[in-house]
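Q: coords please:
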Amino acid sequence: MARHSSWMLIVSVTALVALGLVMLMSVGAYAPANKGDATYFVLRQGIYLALGLVAAGVAMRWDYHHWMKAYWVILGLAILALALCWVPGLGLHVKGSNRWVNLGFTTFQPGELAKLAVVVFLAAWLGRHQRKAAAFLPGFLIPLAVVFIPAALVLSTQDLGTTALLVALAVVMMFVAGTKLRYLAPVPILALTGLVALAIFMPQRLGRLQAYLDPEAHQQGAGYQVWQSLIALGSGGLQGLGLGNSVQKFFYLPEPHNDFILAVAGEELGMACTIAVVLFFLLIAIAGGCIAWKAPDPQGALLAIGLTALISIQAIINIGVVTGLLPTKGMGLPFISYGGTNLVVVLAAVGILLNINRQAINPRTGPKSNLPALNVRM
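A: As a prediction, this is how the structure comes out:
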């Protein structure tokens, strides 16, 4: 299977991107943010797709070891970009959050860059200190303290979903690198407790949390999006209503082009489409795991694990929100949802994975794997 990892990855990503473009064309005429142009979203997504393919091509050809050498620079640029969210005239305040930076000709989300920067930093740091991964200072405290900086800046923009994702990436990569479980175990618990505590003091987030606990009671309030999403999925049934025939996209389901695009896909194309989406993300996760298994060095293995987790965890969160299994997070579905910065970042991540796979160990001549041994020690 490792031999076919690249094709498995490319086919899965291609299918998801194609579905995204089709669905954006379907919902574009009815999304309130389309500025009166039915093709607004699909055309802009096409531009970002072209940029993302260029980024993927460069990343595929550019030796990933260069990322490992420049990890402090990459992290510093991401932190600087996050700080721009608070610069008057550059930072945009939209829907209660300061997640965007306005460059005049376009806008972008620094939080998306922070995800990639954190993965690169952790892969470089943990790979270089692999033998000390079980030690408290180099294997736990220092990497976690560094990740705390971009995570705190993302949290300051009231983006709880991306903050939780950064913490999850750190925990996954540190666990794989061999950080002791007794150090790592409290981190997600404390992070989740802190995020819930913050949500309680944010009226909009508190409403989402209450709606998650009882969506039917809040179906006309904070739980409206999730309730309409469940109606869309239920209306689609097994076969769907047919492409373009969604009812929920007619101003019932907010953000049909972004966070809840999977619900419209399920309504129009049926359960087969939603299952196919899940299977394609599963294939991406398997391909990423195979690439990590055959990576030529620990840094490459950790980078592959981190990039795979970056894509997979976002998909899990979005699918969980759309199906009512998780509270609303405001996080799109990779490759499918409208969002230029995220599309460019995840396509660049795919390019890096392909570059790691190009340098994969030949199983006939090299060692079995360069993945760090799991040090599940208390």
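
Q: Please enumerate the strands of the protein.
A: In the chain, strands defined by DSSP state E lie at 91-94, 97-102, 107-108, listed in chain order.

Q: who does the second one pair up with?
A: On the basis of DSSP bridges, the sheet neighbours of strand 97-102 come out as strand 91-94 (antiparallel), strand 107-108 (antiparallel).

Q: Could you find the closest non-adjacent residue to residue 128?
A: Nearest residue to residue 128, sequence neighbours excluded (C-beta to C-beta, 6 or more residues apart in numbering): residue 299, at 7.2 Å. (Glycine included, C-beta is placed from N, CA and C.)

Q: Point out where the chain drops to low pLDDT.
A: 1-3, 95-96, 199-222, 361-378 (pLDDT under 70).

Q: Next, name the residue at the spatial heart of it.
A: Compute the mean C-alpha point of the chain, and by C-alpha atoms, centre = their mean the closest residue is residue 314, 3.5 Å away.

Q: need the contact list for that one.
A: 165, 331, 332, 333, 334, 342, 346 (C-beta atoms under 8 Å, 6 or more residues apart in numbering).

Q: And the furthest pair within the residues you listed?
A: 165 and 333 (13.5 Å; C-beta to C-beta).

Q: Can you pick out the residue with more neighbours from these two?
A: Between residue 165 and residue 333, counting by other C-beta atoms under 10 Å, residue 333 is the more crowded of the two (28 against 24).

Q: Give me the distance between that one and residue 339.
A: According to C-beta to C-beta, to the nearest Å, residue 333 and residue 339 sit 9 Å apart.

Q: what does residue 38 give?
A: 19 Å.

Q: same check, this time on residue 300
A: 28 Å.

Q: And for residue 182?
A: Residue 182 is 38 Å from residue 339, by C-beta to C-beta.

Q: and what of residue 177?
A: Taken as C-beta to C-beta, the span from residue 177 to residue 339 is 30 Å.

Q: more crowded one of the two?
A: Higher neighbour count among residue 177 and residue 339: residue 177, with 28 against 25, using other C-beta under 10 Å.

Q: From what I see, the more buried one and residue 139 are in contact.
A: Yes - Residue 177 is within contact range of residue 139, at 7.1 Å (criterion: C-beta atoms under 8 Å).

Q: Between those two, which contacts overlap?
A: Shared between the contact lists of residue 177 and residue 139 (criterion: C-beta under 8 Å, 6+ apart) are residues 126, 133.

Q: so what's residue 118 up against?
A: Neighbours of residue 118 in contact, by C-beta under 8 Å, 6+ apart: 75, 78, 147, 150, 166, 169, 170.

Q: Mind picking the two most distant members of those residues?
A: Across the contacts of residue 118 (C-beta to C-beta), the longest gap, 14.3 Å, separates 78 and 170.
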